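A.B. asks: Compute the structure for the input listed below.
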Amino acid sequence: MIRQFLTVIVGALILVPAAVSAQEPAPKKKSEPTPNRVYVKIIMPTAAAERDKKRPAVETWIAEDLRKRGQAKFTAVTKWVPLDLDPISGIPLCDSVWDGGALGDTHYCPVGADIPDRSDGRIKVLVDGWGPGGVGVTVAMTDEPGSRAIAGVKELKTDQGMPYVAVLIGPPPENSADPKDGKK
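C.D. replies: The predicted structure is shown next:
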């Protein structure tokens, strides 16, 4: 009888821990941080008489940079255009930035942009178009809110100057102030 009692107790001790064994908690998924917004603005060289008063504003930081580069005459042909944060892979220049058009006696083709590389706190923005063969410029910069850069499209330089691309990194969409209004 003692033998049966010990067998029952030992069996219960073996079964109970097996039935109540603790499970590892499910690993928490690390959510990827929302990427910063990326905005592009196209600036074109123009003579004063060709400027349209309805054009978007050129921010002071852009105007000062262009003057330091020797570009005295310029106008914005776009407001701040946000680039898609989730580009469609395999489709180059999936974001339309400017539909093109005539400025003075020069006609321009549409301009598109894409983010070909975004890693290690850096970003590359490719802006391409302006003509039938496509002329492009790549802007590489720090990927953090407040970063900004200006790049000239040297292949399109004329006596009046050259087109410029301004790139601005804003905060992620949840708490961003929209700079599309042309004001800083």
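A.B. asks: tell me which element the closest residue in space to Arg148 that isn't next to it in sequence is part of?
C.D. replies: Of all residues not flanking Arg148 in the chain, Leu168 sits nearest, at 4.8 Å (Cβ to Cβ, 6 or more residues apart in numbering). Any C-beta I mention is one placed from the backbone N, CA and C, and that applies to glycine too. If you go by DSSP states H and E, Leu168 is part of strand 164-170.
A.B. asks: Run through who's touching that strand.
C.D. replies: Around strand 164-170, the neighbours that count as contacts under Cβ atoms under 8 Å, 6 or more residues apart in numbering are 36-44, 59, 62, 66, 71, 74, 80, 123, 125, 127, 137, 139, 141-153, 176-177, 179.
A.B. asks: Just the buried subset of those, please.
C.D. replies: Neighbour counting with 16 or more other Cβ atoms under 10 Å marks 36-44, 59, 62, 66, 71, 74, 80, 123, 125, 127, 137, 139, 141, 143, 147-153, 179 as buried within the contacts of strand 164-170.
A.B. asks: Let's see which of these end up in helices.
C.D. replies: 62, 66 (DSSP state H).
A.B. asks: Quick one: the strands in this protein, in order.
C.D. replies: Under the criterion DSSP state E, strands of the chain are mapped to 37-44, 75-76, 81-82, 95-98, 101-103, 106-119, 122-130, 135-142, 148-152, 164-170.
A.B. asks: In this protein, where is pLDDT below threshold?
C.D. replies: Counting by pLDDT under 70, the chain shows low-confidence ranges at 1-23, 25-32, 47-53, 86-94, 174-184.
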